[in-house]
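1. I would like to see how this sequence folds:
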Amino acid sequence: MREKDLLQIWNGQRSQRINSQLGPTILLAVVLILVATGKLNYKSPLDIKAFAIGLVAAGGVFSVTAMLASIRDSRALTRAMREASDISQLGLSVVKNSGNLLFTGFLYIALSLFNLTVLAIYLFKK
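-> Predicted coordinates for the structure are as follows:
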């Protein structure tokens, strides 16, 4: 494949990573608003607390899954880009920074687990 084609795919993958985070980010914002306004707290009924935790967990699972799939595809693309002939400075930059994708994925998983844990602790404290 030509570098231009690979860069177009790369940009599509980058957009996919960004777009996959919109839904879970809005969901977390809504939960944060409910917590900040006191509408969702440790005194809330158990079914509401379980529902909120389930929503955040489901959003996290789908978001992490989408992120990891996009990272896997993007890393495959950077491997293909290494083999492209006459690679530009932009192509070299993409290849050199592909290692950051693994760090991003790890960090995203860690922060997703952190958000879920903090919410559960907050809602079930006594």
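2. Please tell me how far the helix or strand containing residue 76 is from the chain's geometric centre.
-> Under the criterion of DSSP states H and E, residue 76 resides in helix 46-82. Put simply, helix 46-82 sits 5 Å off its chain's centre (C-alpha atoms, centre = their mean, to the nearest Å).
3. name the helices or strands packed onto that helix?
-> Using 3 or more C-beta pairs under 8 Å, 6 or more residues apart in numbering; DSSP states H and E as the contact definition, the elements that helix 46-82 packs against are helix 3-19, helix 22-36, helix 89-96, helix 99-124. All C-beta atoms are positioned from the backbone trio N, CA, C, and that covers glycine.
4. could you give the angle of that helix to helix 99-124?
-> Between the axes of helix 46-82 and helix 99-124, defined by axes from the mean of the first three to the mean of the last three C-alpha atoms, to 10 degrees, the angle is 180 degrees.
5. List the buried residues of helix 46-82.
-> 49, 52-53, 55-57, 59-60, 63-64, 66-67, 70-71, 74-75, 77-78, 80-81 (16 or more other C-beta atoms under 10 Å).
6. Specify the angle between it and helix 89-96 in degrees.
-> 130 degrees.
7. correct me, but residue 55 touches residue 27?
-> Yes: counting by C-beta atoms under 8 Å, residue 55 touches residue 27, with 6.1 Å between them.
8. so where's the chain shaky on pLDDT?
-> By pLDDT under 70, the weakly predicted segments of the chain are 1, 126.
9. cutoff 50 now
-> Judged against pLDDT under 50, the chain has no low-scoring part.
10. contact partners of stretch 40-60?
-> Residues from elsewhere that reach stretch 40-60, judged by C-beta atoms under 8 Å, 6 or more residues apart in numbering: 23-24, 27-28, 31, 34-35, 112-113, 115-116, 119-120, 122-126.
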